[in-house]
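Trainee: Next comes the sequence, and after it the predicted model I'd like to discuss.
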Amino acid sequence: MDIEFNKNEDHNKQLVFQLKSRLAKVHLGGGEKKIESHHKKGKLTARERIAYLTDDDTEFLEIGALAGDGMYKEVGGCPSGGVVTGIGYVQGRQCVIVANDATVKAGAWFPITAKKNLRAQEVSMENRLPIIYLVDSAGVFLPMQDEIFPDKEHFGRQFRNNARMSSMGIVQIAAIMGSCVAGGAYLPIMSDEAMIVDKTGSIFLAGSYLVKAAIGEDIDNETLGGATTHCEISGVTDNRFENDEACLDYIKSIFNKLGENEKAGFDRIEAVPPKQETAKLYGILPDDRVKPYDTVKLIKSLVDGSEFDEYKKLHGKTIVCGYGRIEGWAVGIVANQRRVVKTKKGEMQMGGVIYSDSADKAARFIMNCNQRKIPLVFLQDVSGFMVGSKAEHGGIIKDGAKMVNAMANSTVPKFTFIVGNSYGAGNYAMCGKAYDPRLIYAWPSAQIAVMSGASAAKTLLQIKVATLKAQGKELSAEEETALLKEITDKYDEELSPYYAASRLWVDGIIDPVETRKVVSMGIEAASHAPVEKFNVGVIQT
């Protein structure tokens, strides 16, 4: 191996180590003392419940593990948004699982919790996957109720989704394994079947203290809304169980009898590993985001047998398009090329930038994949669209719009991975979060923003200096340097993939070698939902 490869490998492995260290801390939820207290009540934690429920020797693809990371520091934080969500297998059936983590503020809902729950329901609806709710929540975190309760994408949207999912024929199963309070009580009861754990599960619109304050009635929570009350008197819940394990076993028995859905019909053959081992990704991706590298080499570490059939190889070279297989699934890949490349005309094009010919090529390729019912994988390392008089006169806006139109109207499932840079309109054209990828994950090397940190800092500094000058103030060279550092540090923090993951701009950050697993599980999930007819709309030629 050459020295450059080894440097890259060391750098990227260090980023992965940092990622795994942060995830290990997040997986503790509210901490070891809270977990111990949970166990003393005879309860499993959210992650233990998921591990017990899901099939042995299968993967659980977590969505939003880093949600809330670094947020809400004034109230002690909210690891993983206080809820664990993802795609798993129960009795051989793929499903979405949502499990409140009561070790984090008693499972109370923060704004990010609502966003994460809605994302889980979105994954279920898009892919027609059954969904399991493991409920253990104290309800809305009252100090932040104005950010959780009233708006369209707030707390109440999940109950609207409950009803919509039911009408779509999506199976919803709920287990009340702890508190289930106020408006949150509607979620399990709007599901197809609701069960409750005796002595630890409770469900009511208002707890005993609020009942006392509102109507003067003295009553304990167990009598008000425990398992006996709701299974024998109200009939609100369907069955009660003596402990978490018995309740989860019953859910397994439900899934053991589910009928099959209509399939989308994506092509799959027996999987083979890449000839160029996946771990080589670490050495291919540069340790410096301005250094060039060959995207095709990266792709050959991801596709089965390292076989990749490139589309229009000699045209539009700053975007690579082509067909391959990942874990046996046929895929179309659209990736940015960060090398400086030479065109047929002998001109040089900057890597990571989308030119007119690249945009046109990508649009045609996306349409081909829709015609052939082939899922799309986007690998983002993009600085944006080309600017300047030559690009504008050549119609870059028209060609960029053509690519965005084809991508936005694509009906085959799309999966996006942010490998390096994800700047400006390039993020949109390469299927950023706003364009409904079924799953979107970042590598630890990712950055997401309107523009690079250096460009943004200089621009913001110029604006600040001009504003001060208009006010009759001048900055010394030292003050200007200090201000530039302050702006740069703030912007660099916001560029981080952790900043994006904490706000659910991406579904998570993954070790690059897990990319094949994410694509495979994602296409398997998408195969549960028939593909609509592709209609690209109006595209100027």
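Mentor: Yep, that arrived.
Trainee: Going by C-alpha atoms from here, please, whenever you check contacts or count neighbours.
Mentor: Will do.
Trainee: first to last residue in stretch 365-384, what's the distance?
Mentor: End-to-end distance for stretch 365-384: 19 Å, by CA to CA, to the nearest Å.
Trainee: Now tell me which helix or strand of the chain has the poorest mean pLDDT.
Mentor: strand 348-349 (a mean of 70; mean pLDDT, DSSP states H and E).
Trainee: Now do the helices in the stretch 401-541 of the chain.
Mentor: Remark: helices assigned in the stretch 401-541 of the chain by DSSP state H, counting those that start in this stretch are 424-429, 453-470, 477-495, 497-502, 515-526.
Trainee: Name the residues of the last one that are buried.
Mentor: The neighbour-count check on helix 515-526 (16 or more other CA atoms under 10 Å) flags T515, R516, V518, V519, S520, M521, G522, I523, E524, A525, A526 as buried.
Trainee: Just give me the closest of these to G328.
Mentor: S520 (8.2 Å; CA to CA).
Trainee: In this structure, where is pLDDT below threshold?
Mentor: Applying pLDDT under 70 to the chain flags the ranges 1, 183, 346, 348, 451-454, 537-541.
Trainee: top helix in it by residue count?
Mentor: In the chain, taking DSSP state H as the definition, the longest helix is helix 3-26.
Trainee: quick revisit: tabulate the buried residues of helix 515-526 in CSV, adding columns for distance to K458.
Mentor: Formatted as CSV, those follow (distance: CA to CA, whole Å):
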residue, distance to K458
T515, 35
R516, 38
V518, 37
V519, 38
S520, 42
M521, 42
G522, 40
I523, 42
E524, 45
A525, 44
A526, 43
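Trainee: and which of those residues is nearest Q462?
Mentor: Nearest to Q462 among those, with distances taken as CA to CA, is T515, at 40.1 Å.
Trainee: What's the local residue count around E514?
Mentor: 13 (other CA atoms under 10 Å).
Trainee: How much space separates it from I326?
Mentor: 12 Å.
Trainee: from the middle of its chain, how far away would the next helix or strand after the longest helix of the chain be?
Mentor: Per DSSP states H and E, the first helix or strand lying C-terminal to helix 3-26 is helix 32-40. Relative to the centre of its chain, helix 32-40 is centred 29 Å away, using CA atoms, centre = their mean, to the nearest Å.
Trainee: next helix or strand past helix 32-40?
Mentor: In N-to-C order, the element after helix 32-40 by DSSP H and E is helix 46-53.
Trainee: List of residues touching that following helix?
Mentor: Applying CA atoms under 8 Å, 6 or more residues apart in numbering, the contact partners of helix 46-53 are 27, 83-84, 90, 97, 99-102, 134, 244-245, 248-249, 251-252.
Trainee: List just the nearest of the residues you listed to F417.
Mentor: V84 (21.5 Å).
Trainee: Provide the contact partners of whichever strand or helix holds that closest one at residue level.
Mentor: Using DSSP H and E, V84 maps to strand 83-90. Strand 83-90 is touched from outside by 46-47, 53-55, 58-65, 94-101, 107, 113, 116-117, 120, 252, 255, with contacts defined as CA under 8 Å, 6+ apart.
Trainee: which residues of the stretch 201-350 of the chain fall in helices?
Mentor: Under DSSP H, counting those that start in this stretch, the stretch 201-350 of the chain gives helices at 208-215, 221-225, 227-228, 244-255, 281-284, 295-300.
Trainee: Highest mean neighbour count out of the ones you listed?
Mentor: By mean neighbour count, with neighbours taken as mean count of other CA atoms under 10 Å, helix 227-228 ranks first of these at a mean of 25.
Trainee: Could you list the residues in contact with that helix?
Mentor: I196, V197, D198, K199, G201, S202, T237, R240.
Trainee: isn't F255 right up against Q91?
Mentor: Yes: using CA atoms under 8 Å, F255 is in contact with Q91, at 6.1 Å.
Trainee: Now the common contact residues for the two.
Mentor: Common contact partners of F255 and Q91 (CA under 8 Å, 6+ apart): none.
Trainee: L475 and K402: what is the separation?
Mentor: According to CA to CA, L475 stands 45 Å off from K402.
Trainee: between those two, who's got more neighbours?
Mentor: A direct count of neighbours by other CA under 10 Å for L475 and K402 places K402 higher, at 25 against 12.
Trainee: I figured that one hits A359, correct?
Mentor: Yes: with contacts counted by CA under 8 Å, K402 reaches A359, the gap being 7.4 Å.
Trainee: Understood, closing this out.
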